[in-house]
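In: I would like to see how this sequence folds:
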Amino acid sequence: MSEFRQNPVTKQWVLIAPKRAMRPDEYKTRSVMTGVPELDLSCVFCPGQEATNVELARFPKSGDWQVRVIENKFHALDSATVYRHKDFYVSQAGHGSHQVVVTRKHNEPVALQSVSTIELSLKTFIDRYAQLAEDPNIAYIQVFHNHGRDAGASLIHPHYQIMATPLIPPHVHAEVSGCYHYYQLNKTCIYCDIIKEEVQVKDRLVYEDEHFVVMSAYASRKPFETWILPKKHGSRFEEMTSEQLTHLAYVLKTTLGQLYVKLSDPPLNFYFHTMPIVRSEHTLREEGSYHWHLTVFPRLTIWAGFEYATGIPLNPVTPEQTATFLKS
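Out: Prediction:
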């Protein structure tokens, strides 16, 4: 039976319509990395091509690098004179930064990388975050990963992107506001309460350890939308402890590995949502109620007329089905 479900944080509606669905295992795709070599001399991200990019950092700093940070040649944001114009329409300068974090092996998606490589990438995000946050005109820093052309990756070599923007993205603003309003009514964090609910019910629980919970989102916008939530309440992923960071590397590998094996390496995105940088009197009140998290978003269906017309995603697979399939 079809069912409208509401995201408890943002209040966005989703239509779950199982009668339009295939079985979860029928969403397997052709592997993104099929036939890809470990080194491609024509790839601008591969070892040997370092001179083709403007390097910002590398780790480790000596010997063979495992992770590099470079400027995005086709950047969407750049250093600009900051302005905001409002007449009938509103515009604002596209000031910011657009960087790429590259891992070494050309054919090794995050799902197959070692825990130590993923952990090094996470540490690199935090290092870049600290650097970018020094710009007083930056309001938000978004870390994300595109895997596969259907997920927006223009190059197959595994890499992440970091975009620093002068404004807070609407979806992040909706989450921060949703968390704050829930806290005002209930005096608890909504994500902490979601964790309690999912651990108790278990219908959508995919994985749990002492630091993190992995779940199929209750109001999943697409099949296999998966949330990774830290059990310890905190508003900023960049303030993780070293122990949390190591566990997150393992949990992320495990989660992506399940999707890699059971859906044959599907195209996907994943991204972090953390508290905005600006620490005004208003945002400091919201900071106590916000809970950072990571979303994994396989790209197995496409939006059609209903989704674009209404803004309501239509998901043909229930999150309970996907959780069961991933755990089986």
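In: which residue ranges form the strands in the stretch 51-200 of the chain?
Out: 55-59, 67-71, 84-86, 90-92, 97-103, 140-147, 159-165 (DSSP state E, counting those that start in this stretch).
In: name every strand pairing with the fourth one and say which way it goes.
Out: I take that to be strand 90-92. Partners of strand 90-92 in the sheet, by DSSP bridges, are strand 84-86 (antiparallel).
In: in this protein, which helix or strand is least confident?
Out: helix 281-287 (a mean of 76; mean pLDDT, DSSP states H and E).
In: how about that helix: buried residues?
Out: The neighbour-count check on helix 281-287 (16 or more other Cβ atoms under 10 Å) flags Thr283, Glu286, Glu287 as buried. For glycine as for every other residue, the C-beta is placed from the backbone atoms N, C-alpha and C.
In: other SSEs contacting that helix?
Out: Judged by 3 or more Cβ pairs under 8 Å, 6 or more residues apart in numbering; DSSP states H and E, helix 281-287 is in contact with helix 170-186.
In: any weak-confidence spans in the stretch 51-200 of the chain?
Out: Scanning the stretch 51-200 of the chain for pLDDT under 70 picks out nothing.
In: about what we covered before: from the buried residues of helix 281-287, which single one is nearest Ala17?
Out: Glu286 (34.6 Å; Cβ to Cβ).
In: wait, the closest one touches Gly178, no?
Out: No - using Cβ atoms under 8 Å, Glu286 is not in contact with Gly178; the gap is 10.3 Å.
In: buried residues, the helix ranked longest in the chain. List them.
Out: Determined from DSSP state H, the single longest helix within the chain is helix 242-262. For helix 242-262, a neighbour-count test (16+ other Cβ under 10 Å) marks 244-249, 251-256, 258-260, 262 as buried.
In: and of those, the nearest to Arg128?
Out: Of all the buried residues of helix 242-262, Leu245 has the smallest distance to Arg128: 14.7 Å, by Cβ to Cβ.
In: who's in contact with the closest one?
Out: Listed by Cβ atoms under 8 Å, 6 or more residues apart in numbering, the contact set of Leu245 reads Glu119, Leu122, Lys123.
In: was I right to think the first one contacts Thr246?
Out: To tie it back to what came earlier, the one meant is Glu119. Yes - assessed by Cβ under 8 Å, Glu119 is found in contact with Thr246 at 5.8 Å.
In: out of everything not next to it in sequence, what's closest to Leu112?
Out: Leaving aside its chain neighbours, Leu112 sits nearest to Tyr260 (7.1 Å; criterion: Cβ to Cβ, 6 or more residues apart in numbering).
In: surely Leu41 and Gly48 touch.
Out: Yes - between Leu41 and Gly48 a contact is recorded at 6.4 Å, counting by Cβ under 8 Å.
In: separation between the residue nearest the centre of the chain and Tyr160?
Out: Among the residues of the chain, the one closest to the centroid is Tyr271, at 1.0 Å (Cα atoms, centre = their mean). Counting by Cβ to Cβ, to the nearest Å, the gap from Tyr271 to Tyr160 is 10 Å.
In: overlap of the contact sets of those two?
Out: Val143, Phe144, His145.
In: out of those residues, who's nearest Asn72?
Out: Nearest to Asn72, judged by Cβ to Cβ, of the shared contacts of Tyr271 and Tyr160 is Phe144 at 12.5 Å.
In: picking that back up, are any of the shared contacts of Tyr271 and Tyr160 buried, and which?
Out: Of the shared contacts of Tyr271 and Tyr160, these count as buried by 16+ other Cβ under 10 Å: Val143, His145.
In: dump the shared contacts of Tyr271 and Tyr160 into CSV; add distance to Gln92 as well.
Out: As requested, the shared contacts of Tyr271 and Tyr160 are arranged in CSV below (distance: Cβ to Cβ, whole Å):
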residue, distance to Gln92
Val143, 22
Phe144, 21
His145, 26
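In: and which of the shared contacts of Tyr271 and Tyr160 is nearest Glu238?
Out: Val143 (9.5 Å).
In: out of everything not next to it in sequence, what's closest to His125?
Out: Wrong residue type there; residue 125 is Phe, not His. Phe125 sits nearest to Val143 (Cβ to Cβ, 6+ apart), 5.0 Å away.
In: does that neighbour have beta-bridge partners, and which?
Out: Under the criterion used (DSSP bridges), Val143 bridges to Ile162.
In: what sits against it?
Out: Phe125, Tyr129, Tyr160, Gln161, Ile162, Tyr271, Phe272.
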